[in-house]
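Novice: 3D model of this:
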Amino acid sequence: MSLSRWLVVCGLLLCPSLSSAAEKMNVLFIVSDDLTNNTLGCYGSKVSKSPNIDKLAAKGVRFDRAYCQFPLCNPSRTCFLTGLRPDTTKVYENATQFRKNVPNAQSLGQTFQKGGYYVARVGKLYHYGVPGQIGTAGLDDPPSWMKSIYPRGRDKDDEEKDLIFTLTPNAKGSARFGASLSWLAADGTDAEQTDGMNADATVKLLQENKDKPFFIACGFFRPHTPYVAPKKYFEMYPPEKIELPKVPADHWKQHPTPAFASHKKEQDNLSDDLRRKALQAYYASTTFMDAQVGRVLDELEKLKLADKTIVVFISDHGYHLGEHGLWQKMSLWENSARVPLIIYDPRAKGNGKGCARTVELVDLHATLADLCGLSTPDGKDPMVPKLDGVSVKLLLDDPSAKWDLPAYTQVSRGTPTATGQPTGKNPWFMGRSVRTERYRYTEWDDGKKGVQLSDYEKDPGELVNFADDPKYADVVKQMKGLLSKK
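Specialist: The predicted structure is shown next:
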């Protein structure tokens, strides 16, 4: 070995931080709000247009069986941004900031800060109400970020001008727009909307931090209701050409009542015309959001960062668009529990493929730390919870690798007291579900209020409940055992 080469090697050994800094991968973490797989081309949609997300999926690994742990914004976002399950954080609704219950949890943002990264966020990452709290910090977690940006666009102005159509015009607060089907084909440009501003701010952060390792999180609001997007996106989806989901007349009689408890009374009054307009608005909002994703991804290319940046695209949970006679979220059906998940690591051997293994959003913290060589809480400090999720790095290199971990999703029913105990008037209980590649098994209130078993090989639409079929007795036993291990 030459003297000069020997000196270089010695220098690297004596200064490992320089070596690791040179090898650090950036992370761009993109979150959509209330997005169903069924409106993305890469997941099989023949109607909705999502060219930019589709392009990312073609480059990376598309997870076809990825699931949230709670189909509601705050519990789900808390889960994937901490790596802790809802039963660890005790966050089951949209009002509790997680540090009230787990004050010493190490968040995803903190893991990257400890690893020497610049960590920033734009838009909705931790929960805040849409549209009421757009432009505010909401339930943000300041320790997670070095910089936080909360844009506010003309969609908020149009809301205050009462321009948005809603099924609940007399409701107050979030119930008027954020919790009900609402929409607006807006005037103006993409850049005037809050999500357009989110894209602008994210692009600026990439430009300002291109020469240092970064973890930049961008949270888009659409297609969360109110479905607001510029008019040009609505024009892509003529209502008369939109097909409506078909629901068997006796469908609700075939399954436990709690399975449909996310249904809202105002939805009973939806005419077919309104259903088509709601779908038009949702598709429009999805395509508008996709366009903003494209702007951010294009900037990565322009800055020549694409080859050293891991890109993650997810939704916080799934969404119903009339399937099972339901709209929105808060169910344990596939539409609500399943999420889009795309991970592009330029180094991964499985890029360009789909993965059929069951994975969970709670796995993202462990996965990204693993991909970037960062440490996470190991449980030795009793004050800092060990992560509940696991790394899926193996599946990025081999999407068909052996993998027998199921996915767990839960949802609450009723009204909890401040201590989380049931009330006498409207008892609070939990529905818990476990998903394997072929089956989903669900228990409502530990089975006291009903049990469900879906066989997706025979019944992909989840129309039949096989739980009481004698032919499935062994499957029920097996799935029940998996659910008990959560």
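Novice: Could you check the pLDDT of the spatially closest residue to residue 279 that is not a sequence neighbour?
Specialist: Leaving out its chain neighbours, the residue that sits closest to residue 279 by CB to CB, 6 or more residues apart in numbering is residue 242, at 5.1 Å. Backbone N, C-alpha and C define where each C-beta goes, glycine included. Residue 242 is assigned 97 on the pLDDT scale.
Novice: do the same with residue 9
Specialist: 34.
Novice: before we move on, what about residue 421?
Specialist: In this model, residue 421 carries a pLDDT of 56.
Novice: got it, and residue 247?
Specialist: pLDDT at residue 247 comes out at 94.
Novice: Return the backbone torsion pair for it.
Specialist: Phi and psi for residue 247, reported as degrees, to the nearest 10, are phi -120, psi 120.
Novice: Distance check, the residue lying closest to it once chain neighbours are set aside against residue 348.
Specialist: Nearest-residue entry for residue 247: residue 325, 4.7 Å, with adjacent residues in sequence omitted and distances by CB to CB, 6+ apart. Residue 325 sits 40 Å away from residue 348, going by CB to CB, to the nearest Å.
Novice: Please identify which of those two sits among more neighbours.
Specialist: The neighbour count for residue 325 versus residue 348, taken as other CB atoms under 10 Å, is higher for residue 348 (21 against 15).
Novice: and the closest residue in space to residue 275 that isn't next to it in sequence, what does it touch?
Specialist: Distances taken as CB to CB, 6+ apart place residue 244 nearest to residue 275, at 5.5 Å, with adjacent residues excluded. Contact analysis of residue 244 by CB atoms under 8 Å, 6 or more residues apart in numbering lists 272, 275-276, 279, 322.
Novice: Show me just the buried residues among these.
Specialist: Among the contacts of residue 244, those buried by neighbour count (16 or more other CB atoms under 10 Å) are 275-276, 279, 322.
Novice: which one of those is nearest residue 83?
Specialist: residue 322 (33.6 Å; CB to CB).
Novice: domains of this protein?
Specialist: 23-399, 414-486 (automatic domain parsing).
Novice: Take those domains and write them to CSV, including distance to residue 406.
Specialist: Formatted as CSV, the domains of the chain follow (distance: least, CB to CB, whole Å):
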stretch, distance to residue 406
domain 23-399, 6
domain 414-486, 5
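Novice: and those, which is most packed in?
Specialist: domain 23-399 (a mean of 20; mean count of other CB atoms under 10 Å).
Novice: so how far is that one from its chain's centroid?
Specialist: Centroid displacement of domain 23-399 relative to its chain, using CA atoms, centre = their mean, to the nearest Å, is 4 Å.
Novice: if we can go back for a sec, take the contacts of residue 244 and keep only those in helices.
Specialist: 272, 275-276, 279 (DSSP state H).
Novice: could you redo those residues as TSV and give each row pLDDT and distance to residue 190?
Specialist: Shown next, in TSV, are these (pLDDT from 0 to 100; distance: CB to CB, whole Å):
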residue	pLDDT	distance to residue 190
272	97	30
275	97	27
276	98	24
279	98	21
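Novice: Quick check, residue 59 in contact with residue 348.
Specialist: No. Counting by CB atoms under 8 Å, residue 59 sits too far from residue 348 to count as a contact (9.9 Å).
Novice: Quick check: the residue nearest to residue 279 vs residue 130, distance?
Specialist: Counting by CB to CB - residue 242 and residue 130 are separated by 24 Å.
Novice: picking that back up, ok so the residue nearest to residue 275 is a strand residue?
Specialist: No. Assigned with DSSP: H, G, I helix; E, B strand; the rest coil, residue 244 falls outside any strand and is coil.
Novice: so what's the most centrally placed residue in the chain closest to, chain neighbours aside?
Specialist: Of all residues in the chain, the one closest to the mean position by CA atoms, centre = their mean is residue 316, 2.0 Å from it. Leaving out its chain neighbours, the residue that sits closest to residue 316 by CB to CB, 6+ apart is residue 76, at 4.5 Å.
Novice: The residue nearest to residue 247 and residue 250 touch, don't they?
Specialist: No. Counting by CB under 8 Å, residue 325 does not reach residue 250; the two are 11.4 Å apart.
Novice: rewinding a little: turn the contacts of residue 244 into a markdown table, including distance to residue 235.
Specialist: Putting these into a markdown table (distance: CB to CB, whole Å) gives the following:
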| residue | distance to residue 235 |
| --- | --- |
| 272 | 21 |
| 275 | 19 |
| 276 | 15 |
| 279 | 15 |
| 322 | 22 |
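Novice: Closest one to residue 220 out of the residues you listed, please.
Specialist: Of the contacts of residue 244, the one sitting nearest to residue 220 (CB to CB) turns out to be residue 279, at 19.5 Å.
Novice: Hmm, that closest one is touching residue 321, no?
Specialist: Yes. Using CB under 8 Å, residue 279 is in contact with residue 321, at 6.0 Å.
Novice: which one is residue 258 nearest to, not counting chain neighbours?
Specialist: In space, residue 258 is closest to residue 444, 4.4 Å off (CB to CB, 6+ apart).
Novice: Go ahead and confirm that neighbour touches residue 433.
Specialist: No. Under the criterion of CB under 8 Å, residue 444 makes no contact with residue 433, lying 9.6 Å away.
Novice: Ranking helices and strands of the chain by mean pLDDT, which lands last?
Specialist: Within the chain, no helix or strand scores below helix 3-14, which has a mean of 36 by mean pLDDT, DSSP states H and E.
Novice: Got phi/psi on residue 155?
Specialist: phi -60, psi -30.
Novice: swap in residue 41?
Specialist: According to degrees, to the nearest 10, residue 41 has phi -60, psi -40.
Novice: Pull the contacting residues for it.
Specialist: 48-51, 53-54.
Novice: Likewise for residue 91?
Specialist: 74-75, 78-79, 98, 101.
Novice: Select from those residues every entry located in helices.
Specialist: Using DSSP H, the members of the contacts of residue 91 that fall within helices are 74-75, 78-79.
Novice: what's the closest of these to residue 362?
Specialist: Among those, and counting by CB to CB, the member closest to residue 362 is residue 79, at 5.2 Å.
Novice: how about that closest one, what does it touch?
Specialist: Applying CB under 8 Å, 6+ apart, the residues contacting residue 79 are 68-70, 85-86, 89, 91, 361-362.
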